[in-house]
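Participant: here are the coordinates; sequence isn't available:
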């Protein structure tokens, strides 16, 4: 299938680029995607994919991706994890639409649950390219939020957290 070939080629490019040139958030994003793929591929023998009812393995994979990218979005000083989290929420909505028994043709369910993860891979590639660009332009690109500054600015001491 050309879709699967495109996904796995983009997976190789995105993960390789993130680990080679990306900052810590890009590497964590690549690790989340790899975990999602391993969970999906590894679980296929136990729970074969289906498109006529909610696919429990794909649902679990999308929950892992949504939570992983959501935590990353809260901690990273990047915009692309927000994109990836939003895209994974779209994947989750496909499962809820199928569960609610909305009359969705199987091909639409397949596209709704697969396309956002493909686009999340593109977000990692774009994020890595932007990281490299900022490092060249500014000399550095901080990876993580410093939440202690937020506590100081609000007048609360960091010990109160």
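Facilitator: Looks like it arrived, so ask away. Please read all numbers here as calculations on a predicted model, not as lab measurements.

Participant: gap between the residue nearest the centre of the chain and residue 68?
Facilitator: Centroid-nearest residue in the chain, with Cα atoms, centre = their mean: residue 84, separated by 4.3 Å. Going from residue 84 to residue 68 by Cβ to Cβ, to the nearest Å gives 9 Å. For glycine as for every other residue, the C-beta is placed from the backbone atoms N, C-alpha and C.

Participant: which stretches of this structure have low pLDDT?
Facilitator: Applying pLDDT under 70 to the chain flags residues 149-161.

Participant: Of all the helix elements in it, which one is longest?
Facilitator: Selection of the longest helix in the chain by residue count, based on DSSP state H, yields helix 106-138.

Participant: what packs against that helix?
Facilitator: If contacts are counted by 3 or more Cβ pairs under 8 Å, 6 or more residues apart in numbering; DSSP states H and E, helix 106-138 sits against helix 2-21, helix 24-43, helix 56-75, helix 80-99.

Participant: Pull out the buried residues from it.
Facilitator: 109-110, 112-117, 119-125, 127-128, 130-132 (16 or more other Cβ atoms under 10 Å).

Participant: Stretch 75-94 now?
Facilitator: When neighbours are counted by 16+ other Cβ under 10 Å, the buried residues of stretch 75-94 are found to be 75-76, 78, 80-88, 90-92, 94.

Participant: With respect to residue 147, which of these is nearest?
Facilitator: Using Cβ to Cβ, residue 75 comes nearest to residue 147 of the buried residues of stretch 75-94, at 8.5 Å.

Participant: Many thanks, I have nothing further to ask.
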